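Q: Build the 3D model from these lines:
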Amino acid sequence: MLSAALTGGIATGKSYCLARFRELGVPAIDADALAREAVGSGTPGLAAVAARFGAAIIRPDGTLDRPALARIVFADRTARADLEAIVHPEVYRRIREWLANLPAGTRLALADIPLLFETGHNHDFERVIVCVCEPAEQMRRLQTRDGLSESDAAARISAQWPIDDKAARGDYVIHTDGSYADTDAQVRQVYEALRAES
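A: Numbers count the residues shown, from 1 in each chain. Got it, this is the predicted structure:
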């Protein structure tokens with residue numbers, strides 16, 4: 001089985017590309033979803049986050065107040081590192097477990113991991129696919145999608161590696177600036193190349 005990671009910057013089209021790979025029949029797992037589960041209501045992860053950041057980041061219903069936590073961690077590099085130290089080990093444990101339990105005969109598996117390079121886990125995978133778009137488009141998407149101010153959007157983008165650095169380290173690069181049809185065609189090209197390798 002060939003294991004591949006899908007990565008890129010925030011708002012560079014990873015989720016869209018992940019959905020297209022799934023439509024092509026590729027088993028896939030989403031690290032963002034795993035990260036949310038890792039700090040879900042009643043989990044040890046949520047208890048650890050509350051111990052580090054205070055009870056104010058827990059809502060009355062016992063769930064994590066994500067916007068409140070985001071305001072803290074995107075303004076403070078040390079706080080962000082502390083959060084990542086709580087969440088990332090559990091996320092990667094779940095990804096390894098998922099890969100190990102895929103059905104025999106699976107030729108290709110894909111993990112969508114936004115902070116793949118930042119966490120140093122790119123070597124866990126045989127191939128890396130990087131989704132990219134122009135910085136102005138990334139900023140526009142992030143502000144539109146998440147309703148962020150320009151300064152908040154810029155803080156989130158700058159919390160990650162520059163997209164050009166990620167692209168330079170990827171085995172495949174998908175440009176998502178064009179039409180959906182153009183992105184779809186690139187996804188299929190990468191899919192066919194990976195299937196040939198597997």
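
Q: For the chain, just list every one of the helices.
A: Here the chain has its helices, by DSSP state H, at 14-23, 31-38, 44-53, 66-73, 77-100, 135-146, 150-158, 163-169, 180-197.

Q: of all these, which lies closest to residue 109?
A: Of all these, the one in closest proximity to residue 109, counting by Cβ to Cβ, is helix 77-100 (6.0 Å). All C-beta spots, glycine's among them, are computed from the backbone N, C-alpha and C.

Q: lowest average confidence, helix or strand, in this structure?
A: Within the chain, no helix or strand scores below helix 150-158, which has a mean of 89 by mean pLDDT, DSSP states H and E.

Q: ok and it relative to helix 135-146, angle-wise?
A: Relative orientation of helix 150-158 versus helix 135-146 (axes from the mean of the first three to the mean of the last three Cα atoms, to 10 degrees): 110 degrees.

Q: Flag every buried residue along helix 150-158.
A: Residues 152-157 are the ones in helix 150-158 that count as buried (16 or more other Cβ atoms under 10 Å).

Q: Relative to residue 35, how far out is the spatially most central residue of the chain?
A: Centroid-nearest residue in the chain: residue 114, 2.6 Å away (criterion: Cα atoms, centre = their mean). Using Cβ to Cβ, to the nearest Å, residue 114 is found at 9 Å from residue 35.

Q: re earlier: for the least confident helix or strand of the chain, which helices and strands make contact with it?
A: Where contact means 3 or more Cβ pairs under 8 Å, 6 or more residues apart in numbering; DSSP states H and E, helix 150-158 is packed against helix 135-146.

Q: Need the contact partners of the helix it packs on.
A: Here helix 135-146 makes contact (Cβ atoms under 8 Å, 6 or more residues apart in numbering) with 9-12, 133, 148-150, 153-154, 156-157, 163, 177.

Q: Quick one: mean pLDDT for that helix?
A: Mean pLDDT, helix 135-146: 91.

Q: Likewise for stretch 5-23?
A: Averaged across stretch 5-23, the pLDDT comes to 96.

Q: same check, this time on stretch 79-99
A: Stretch 79-99 comes out with an average pLDDT of 96.

Q: which residues touch that stretch?
A: With contacts defined as Cβ under 8 Å, 6+ apart, stretch 79-99 is touched by 1, 3, 29, 31, 34-35, 37-39, 45, 48-49, 52-53, 69, 72-74, 109, 111, 113, 115, 119, 121, 124, 159.
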